[in-house]
Structure formats: C-alpha cells, structure tokens
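next one to model:
(one chain, ligands or ions: 2)
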Amino acid sequence: MSDSRRNSCKINGSNNKTPFLIGVSGGTASGKSTVCKRIMEKLGQVNKNQSERQVVCISQDSFYRDLTQAEITKAEKGQFNFDHPDAFNEIYMKETLLDILAGKIVKIPTYDYKNHTLRKDEIITIYPADVVLFEGILVFYFPEVRNLFHMKLFVDTDSDTRLARRVPRDINERGRDLEQVLNQYTNFVKPAFEEFCSPTKKFADVIIPRGADNVVAIDLIVLHIMDIVRGQNRMNGIQVIAQPKRIK
Ligand SMILES: Nc1ncnc2c1ncn2[C@@H]1O[C@H](COP(=O)(O)OP(=O)(O)O)[C@@H](O)[C@H]1O
Ligand SMILES: Nc1ccn([C@@H]2O[C@H](COP(=O)(O)O)[C@@H](O)[C@H]2O)c(=O)n1
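Ligands and ions are numbered 1, 2, ... in the order given. The predicted structure is shown next:
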C-alpha cells in the first residue's frame, strides 16, 4: 500500500480519509468472523447501527461469483468447489475494496449458503468507516486484493478443531447433511486449504493461534489499530471497551 493511498483523498468534492483496511484470513471455521466480532466489540462498535459504525466487517463470501444452473445442481450435491479461487469474482472484490478505500458508500449483497446464491434482496450498505475488516478464506490469495490491505491477520486454528466446528455449523446453519459436509470437506475444502489458503499465511503481519480464544493477541491487535487510527487523527467514535491487563 503506497503512502498516497493511506492519506486523505478528495472524492466527490469532500475530503475523505482512507479507511484502515484489515484483511483477516484463515481456514474454514478457524474463527475469522468471531475474531472480527471480538475486535469490533473491543472497539465499542457492536451495538451501533451500520451507518454509525466506525469499524465495519465484510465477508469475502459476498464476492462469490454467480453460478450457472449446472453449477448450482453440482453445489446441491456437494460437488462444487467453493474453496477454489475461481469460485470468486476477483474483479468485483477488488473494485469494491478500492471504492471503500476511496471513501465511497458501497452496497454489498449478503450470501445465501442454503441456495448457493448472492442475496440481491438483502444488501448491506457500507458507509465510510475508520476501520474496515475484510474476512475470508482467500483474501490474501489474489495479489491485487492482498496489496490493498494495511494490516493482514491470519487465524491459525488446527484442522481437527475446524472440521469439528464446520460439521455442526453447516448442518444447523447452512442446510447441509452430514454426508454432504464430509464429502465436500474431503474432496474440496481440505485440498484447497492446503493448495490456496495455507500458503498465504506467509503474507500475514500477525498470525493468531487459537483464534478468538487468544485474548492477548486480540488485545494487542486492538491496541495497534487504536494507535494507527489515533495517529491519523481519525478517532471519531472509537473507544476501547476492554483494556488489556498490564503486567505489574
Ligand atoms: N474460540 C472458539 N471456541 C468455540 N467455538 C468457536 C470459537 N471460534 C469460533 N467458534 C465457532 O465455530 C464456528 C465457526 O466460527 P467462525 O468465526 O464463523 O469461523 P470462520 O469465520 O473462520 O468460518 C461458529 O459456530 C463459531 O461459533
Ligand atoms: N455455497 C457455499 C459457499 C461457501 N461454502 C463454504 O464456505 C466456506 C467459507 O466460509 P467460512 O465461513 O467457513 O470461512 C468455504 O470453505 C466453502 O466451502 C459452502 O459450503 N457453500
């Protein structure tokens, strides 16, 4: 990220500052969303509505590409590879992040895991924020996306734990059955993690072992975010809710 991109820029006649953009990657069910939630909680953002938030979180799943009918039929049998980079719309992802960095208001569809489609009727509006978290399995895979982040976090949770979390989540929340979840995991999720996601760990600035359980790491990250945002004189509404314990 060049210094010029970090600095204030003039968009639509008003002075907007570039949000601090944080990428959060890690394998499926490693705790990416939970880590983002903890960061937002500690920055006092959770009980605010979207337009008032100074810290917002976006999922890479909103950038899955539209599937053909034949691909949807495969997906319904657990035979479509959602863990391969080709499953994503890289251009839309990059352009959206560039718009966010330019201080524009962006509208992003939510993702419907039951039907394998983007929910164009359920749109999240992202208003200019001080800090934007972008989480997903392959957020560091695409170089032009990766290079946009000011800070890169990798949530490192062992694969047994991740599978043990994914099975009940996919059955209870994503409308899958056990056989489908295990087949998809064995045929696509695990091999793609090893080929595409795990190698991107080397790009991370901070690796968070054990995800949201790692309170020390999350507190340090929150303090760093505070320092950066404060240094840019952009502390409009952020306040730290939980200060880390100091060593006496
Ligand atoms: N530290 C944790 N301890 C226990 N369960 C967790 C923990 N972190 C996440 N989970 C659970 O595991 C599942 C996946 O977590 P999530 O944060 O959504 O992962 P990801 O965003 O990486 O897919 C969710 O059901 C979540 O509640
Ligand atoms: N229609 C879909 C789309 C994605 N997946 C799986 O979701 C995983 C990514 O989300 P996490 O919250 O687990 O990071 C990814 O591993 C895909 O396999 C899906 O099953 N169906």
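
from here on, contacts and neighbour counts on C-alpha atoms
Noted.

what sits closest to Y113 if chain neighbours are left out?
Counting by C-alpha to C-alpha, 6 or more residues apart in numbering, Y113 lies nearest to R174, which is 5.5 Å off, once chain neighbours are set aside.

for P109, same thing?
Going by C-alpha to C-alpha, 6+ apart, P109 has I123 as its nearest residue, at 4.3 Å.

what's the answer for S51, then?
Using C-alpha to C-alpha, 6+ apart, the nearest residue to S51 is Y127, at 5.8 Å.

what do you get for S33?
S33 sits nearest to E135 (C-alpha to C-alpha, 6+ apart), 7.0 Å away.

wait, the one you found sits on S62?
No. E135 is beyond contact range of S62, at 10.4 Å (criterion: C-alpha atoms under 8 Å).

and the chain, which residues reach ligand 1?
T28, A29, S30, G31, K32, S33, T34, R165, R169, G211, A212, D213 (C-alpha under 6 Å from any ligand atom).

if we check ligand 2, which of those residues are in contact?
Within those, those near ligand 2 by C-alpha under 6 Å from any ligand atom are T28, A29.

among the residues of the chain next to ligand 1, which pair sits farthest apart?
Across the residues of the chain next to ligand 1, the longest distance by C-alpha to C-alpha is 18.3 Å; it joins R169 and D213.

would you mark the buried spots in stretch 213-223?
Across stretch 213-223, burial judged by 16 or more other C-alpha atoms under 10 Å covers A217, I218, D219, I221, V222, L223.

and for stretch 138-145?
Neighbour-count burial for stretch 138-145 [16+ other C-alpha under 10 Å]: L138, V139, F140, Y141, V145.

which SSE is V56 in?
Using DSSP states H and E, V56 falls within strand 55-59.

ok, F188 - how many residues close by?
18 (other C-alpha atoms under 10 Å).

residues contacting the closest residue in space to it that isn't next to it in sequence?
Leaving aside its sequence neighbours, F188 sits nearest to N81 (C-alpha to C-alpha, 6+ apart; 5.6 Å). N81 is in contact with A75, A87, Q184, F188, V189, counting by C-alpha atoms under 8 Å, 6 or more residues apart in numbering.

about what we covered before: can I assume the residue nearest to S51 is in contact with V106?
Yes. With contact defined as C-alpha under 8 Å, Y127 reaches V106; the gap is 6.8 Å.

ok, these two, which is more surrounded?
Per other C-alpha under 10 Å, whichever of Y127 and V106 has more neighbours is Y127, with 19 against 15.

quick one: contacts for the more buried one?
Q50, S51, K104, I105, V106.

just the buried ones from the residues you listed?
Q50, K104.
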